[in-house]
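J.: sequence? don't have it. structure:
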């Protein structure tokens, strides 16, 4: 029996390694400094993913600016005041929203942001990603605050601190590294999202920093190149994937390294 | 005399601070008010999602009604929209994913919780979690250029050779279709199902294992006792995986062929609800077409919401009850 279960595990780990190694081997060929800073060009003229990298960073920054404070606030509410019926409702909704397909979030943001503004925009993309981020951040924040020993909280209250100072000055700092971990993992998660960006941020073949204009992203560019009929673009898709995976895996590994002692 | 006492005992004035925070401290009231606003916004967004999707899909709901779900005619040129091919493709590809992924995930979880030594379990758990960190579009890219050709050359011909008498494995072999989509989905939901099963098994109290072992059960029989105890939670994990498979978009879109028709063959191309939205949304120029696509989104939202709610309740029940028991012991 142990052989069988070990085999299952081996299959899963094997697939992971095959995928990662394949990406590294395929991607490294087209990777160069020019590729990282250039914007896309017509087939046969090279071109790069500089605009996609900068676009992804803009989108991540925007969604973090909206999603992190919002998510952390919901998380603090759940841990500090969430014991009642309303708290249970919020907790249930955040948990269920985590499982809503990201494409549905994209459709939702399309109807409430893109339609009123009349065109695709980086802002819409950022909002879509933020909406995906909020439930994840909220739940990890709540879990991390729950790990803070009760005696710390009681100590602060016994010294006469009001509740808000106890939470902000004592409890949150004690849970800060955990909350930061959750935030980083949420950013890693949304940096790989494609579906919600297709009809919000849409994509662009140029460098753009305007929030009311369509903007490129690594994932959408990978998708467009992957389904194109050109071998050169396929090669570029692999190279862009290598860049994206390097980013996501390093966030995951760094986070794991820093939280090793806790878990 | 009585009157003056009554005057002195007049209750403290109830103002907005007391309404927000029992302590009546201004800082507390502001703090709690802000956090409450964030939580309320969360609830409102969930409500706004349903409302916005429902309003936008109204033209399509009015035009086609219930027929939308049962018609297999999807023809934007003739403004005929029926979602049956997408529903079929979504269900079949998700089922293929579960058939492959559930045994695999159970094996992984049993290995990591019950059998592997700690030094092995930890790094392996991390590696399996990394599988969940790979973006959907990357699975899709890998699916198009590695998995699909592999299945076309090595797997599908032999399936057809041995099981070709089944309608499931008839028809031309292209490597792009339901089977490939299902396998990609299986790889993607395995880390999710196995992680939840792992949590459920870990929540089964050690006393259960000790009792079984003390009664002379073998290691495998003990594991069976643990599995039976965690059964509702495992069911929850599987349903959670199902929810993820139903809503998965990019990877499936890239390997399933995207043709709106119903075919018994797993080798044939198909279409899922999510991939229809991803593929056609920006092409939809007429209002009715767009509305039909938004209605697909509404269906997807409602189905995954219900599926996730059921799964959460099942998993919560097991992990809470069990941890309650273990802390009481």
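T.: It's in. Computed from a predicted structure; not experimentally measured. Numbering: from 1, shown residues only, chains lettered A, B, ... in the order given.
J.: C-alpha only now, for contacts and for neighbours.
T.: Fine.
J.: tell me which element residue 34 falls in.
T.: Using chain A here. helix A:33-37 (DSSP states H and E).
J.: Please refer instead to chain B.
T.: Short version, using DSSP H and E: residue B:34 is in helix B:26-64.
J.: ok, and does that helix reach over to chain A?
T.: Yes. Remark: helix B:26-64 sits within contact range of chain A at B:27-28, B:31-32, B:35-36, B:38-40, B:42-43, B:46, B:49, B:52-53, B:56, by Cα under 8 Å from any Cα of the partner chain.
J.: in the helix holding residue A:34, what's buried?
T.: A:35-37 (16 or more other Cα atoms under 10 Å in any protein chain shown).
J.: Ok, stretch B:146-163 next?
T.: B:147-149, B:151-152, B:156-157, B:160.
J.: That stretch near chain A anywhere?
T.: No. Using Cα under 8 Å from any Cα, stretch B:146-163 never reaches chain A; the gap is at least 8.9 Å.
J.: Return the members of the residues of helix B:26-64 next to chain A classed as buried.
T.: B:27-28, B:31-32, B:35-36, B:38-39, B:42-43, B:49, B:52-53, B:56.
J.: pLDDT weak spots in the chain?
T.: All of this refers to chain A. A:260-263 (pLDDT under 70).
J.: Chain B was what I was after
T.: Counting by pLDDT under 70, chain B contains low-confidence ranges at B:1-17, B:19, B:321-329.
J.: hmm, 80 instead?
T.: B:1-24, B:318-329 (pLDDT under 80).
J.: which strands and helices sit next to the longest helix anywhere in it?
T.: Longest helix in chain B, counting residues (DSSP state H): helix B:287-328. Contact here means 3 or more Cα pairs under 8 Å, 6 or more residues apart in numbering or on different chains; DSSP states H and E; on that basis helix B:287-328 packs against helix A:85-98, helix A:102-109, helix B:26-64, helix B:178-203, helix B:231-247, helix B:273-280.
J.: can you rerun that using 6 Å?
T.: Other elements packing on helix B:287-328 under the criterion 3 or more Cα pairs under 6 Å, 6 or more residues apart in numbering or on different chains; DSSP states H and E are helix B:26-64, helix B:178-203, helix B:231-247.
J.: where's residue B:111 relative to chain A, distance?
T.: 5 Å (Cα to the nearest Cα, to the nearest Å).
J.: Now do the SS call for that residue.
T.: Following DSSP: H, G, I helix; E, B strand; the rest coil, residue B:111 is assigned to helix.
J.: got it, and residue B:176?
T.: coil.
J.: For chain A, see how far away it is.
T.: 13 Å.
J.: can I assume that residue is in contact with residue B:252?
T.: No. Using Cα atoms under 6 Å, residue B:176 is not in contact with residue B:252, being 10.1 Å away.
J.: Settle it for me: which of these two has more neighbours?
T.: Remark: of residue B:176 and residue B:252, residue B:252 carries more neighbours, 32 against 25, as counted by other Cα atoms under 10 Å in any protein chain shown.
J.: what does the helix or strand hosting the more buried one contact?
T.: According to DSSP H and E, residue B:252 maps onto helix B:250-255. Residues outside helix B:250-255 that contact it (Cα atoms under 6 Å, 6 or more residues apart in numbering or on different chains) are B:136-137, B:139-140, B:144, B:176, B:181, B:275.
J.: now with 8 Å?
T.: A:194-195, A:227, B:136-141, B:143-144, B:148, B:176-177, B:180-181, B:184-185, B:271-272, B:274-276, B:278-279 (Cα atoms under 8 Å, 6 or more residues apart in numbering or on different chains).
J.: Ok, stretch B:22-41 next?
T.: Contacts for stretch B:22-41 (Cα under 8 Å, 6+ apart): A:70, A:73-74, A:76-77, A:90, A:162-164, B:16-18, B:20-21.
J.: Now do the contacts for residue 194.
T.: No chain in the question, so chain A it is. A:219-220, A:223, B:136-137, B:250.
J.: that's the other chain; I wanted chain B
T.: B:105-106, B:108-109, B:237.
J.: okay, among those, which ones form the most distant pair?
T.: Distance extremes for those: the farthest pair is B:108 and B:237 at 13.4 Å, using Cα to Cα.
J.: who has more neighbours, the two?
T.: Per other Cα under 10 Å, whichever of residue B:108 and residue B:237 has more neighbours is residue B:108, with 33 against 28.
J.: nearest to residue A:185, of the contacts of residue B:194?
T.: residue B:237 (21.5 Å).
J.: Just want the angle from the helix holding residue B:34 to helix B:287-328.
T.: 130 degrees (axes from the mean of the first three to the mean of the last three Cα atoms, to 10 degrees).
J.: okay but residue B:151 is in contact with residue B:177, surely?
T.: No. Checked against Cα atoms under 8 Å, the pair residue B:151 and residue B:177 is beyond contact range at 10.5 Å.
J.: Show the contacting residues for the residue of the stretch 151-263 of chain A found nearest chain B.
T.: Taking Cα to the nearest Cα, chain B has its nearest neighbour within the stretch 151-263 of chain A at residue A:192, 4.7 Å off. For residue A:192, the contact set (Cα under 8 Å, 6+ apart) comprises A:219, A:244, A:248, B:134-137.
J.: and the helix holding residue B:34 with helix A:102-109, angle?
T.: Interaxial angle of helix B:26-64 relative to helix A:102-109 (the same axes, to 10 degrees): 90 degrees.
J.: quick one: helix B:26-64 to chain centroid distance?
T.: 22 Å (Cα atoms, centre = their mean, to the nearest Å).
J.: Tell me the first helix or strand C-terminal of it.
T.: That would be, after helix B:26-64 and using DSSP H and E, helix B:67-70.
J.: Pull out the buried positions in that next one.
T.: Applying 16+ other Cα under 10 Å to helix B:67-70 flags B:68-69 as buried.
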